[in-house]
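Trainee: Fold the stuff below for me.
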Amino acid sequence: MTRWRGPGFEWRGLWGALGLLAGVFGMLVLPLLADAVLAEPTVTVRAGDTAALRSDGAGNARLDLSPLAGFRQQASAPPDSFSAGQDQSSVTVELKTGVVDPAVTFARIARLYELQGRPVTPLGELRTATGLTGLAGEFGGGTLVLLGGPGPAVTVSAQGLGAPVLRRLLDGVVIEP
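Mentor: Modelled structure (predicted):
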């Protein structure tokens, strides 16, 4: 004599399928909700703050961030760059290593900007108060500067930053081989 099981077996299969769909839905939607809620923490730059840009044995740089007081920077950043912004102004400073010819390196960076639709117009050479020499150029509302080299060099890309603030920032750059 066979035993009749009834519709319970089919309901278990249906509940299993619904559980699987709920799991897939959770894996697809919950990360999107979590990402939408979590914001990257920022830190306000204060007068007297400094930033250390480090590379693995190829050189270091220090920045005096006093000219950028009031700007907001990401709480975590790569060891070889610094970025900050305020309203319509932004600045990014990066440590470049292995620079053989600063003019060639500046031309390559300018070419990358041009490929992004921001052509750079060279302005010429400059010298900071600390004696660093470099090259400068302008692009759509911003300034590109390469300081230092051969060896380690620092690039500064600033948009919406006034000339006196940029000059004080450049004067606060110290490159250590």
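Trainee: packing partners for the lengthiest strand in the chain?
Mentor: Using DSSP state E, we find that the single longest strand of the chain is strand 89-99. When contacts are defined as 3 or more C-beta pairs under 8 Å, 6 or more residues apart in numbering; DSSP states H and E, strand 89-99 sits against strand 50-54, strand 60-64, strand 81-86, strand 151-159. Just so you know, the C-beta spots here come from the backbone N, C-alpha and C atoms, and that holds for glycine as well.
Trainee: hmm, 10 Å instead?
Mentor: When contacts are defined as 3 or more C-beta pairs under 10 Å, 6 or more residues apart in numbering; DSSP states H and E, strand 89-99 packs onto strand 50-54, strand 60-64, strand 81-86, helix 102-115, strand 142-148, strand 151-159, helix 163-171.
Trainee: Include distance to residue 96 and mean pLDDT when you put the ones you listed into CSV, please.
Mentor: Listed next are the helices and strands packed on strand 89-99 as CSV, based on distance: least, C-beta to C-beta, whole Å; pLDDT from 0 to 100:
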stretch, distance to residue 96, mean pLDDT
strand 50-54, 10, 94
strand 60-64, 10, 94
strand 81-86, 10, 94
helix 102-115, 7, 95
strand 142-148, 8, 95
strand 151-159, 5, 95
helix 163-171, 15, 95
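Trainee: Looking at those, spot the one closest to residue 18.
Mentor: Closest to residue 18 of these is strand 81-86 (C-beta to C-beta; 46.7 Å).
Trainee: So which bits of the closest one are buried?
Mentor: Of the residues in strand 81-86, 82, 83, 84, 85, 86 count as buried by neighbour count, 16 or more other C-beta atoms under 10 Å.
Trainee: what comes into contact with that strand?
Mentor: 42-45, 51-53, 61, 63, 65, 68-74, 77, 90-96, 154-157, 159-161 (C-beta atoms under 10 Å, 6 or more residues apart in numbering).
Trainee: go with 8 Å
Mentor: Contact with strand 81-86 is made by 45, 51, 53, 63, 65, 68, 70-74, 77, 90-95, as judged by C-beta atoms under 8 Å, 6 or more residues apart in numbering.
Trainee: and it, how far from the chain's centre?
Mentor: Strand 81-86 has its C-alpha centroid displaced from the chain centroid by 7 Å (C-alpha atoms, centre = their mean, to the nearest Å).
Trainee: What of stretch 93-113?
Mentor: The chain centre lies 17 Å from the centre of stretch 93-113; the measure is C-alpha atoms, centre = their mean.
Trainee: What of stretch 111-123?
Mentor: Offset of stretch 111-123 from its chain centre (C-alpha atoms, centre = their mean): 18 Å.
Trainee: Between the two ends of it, what distance do you get?
Mentor: The first and last residues of stretch 111-123 sit 15 Å apart, counting by C-alpha to C-alpha, to the nearest Å.
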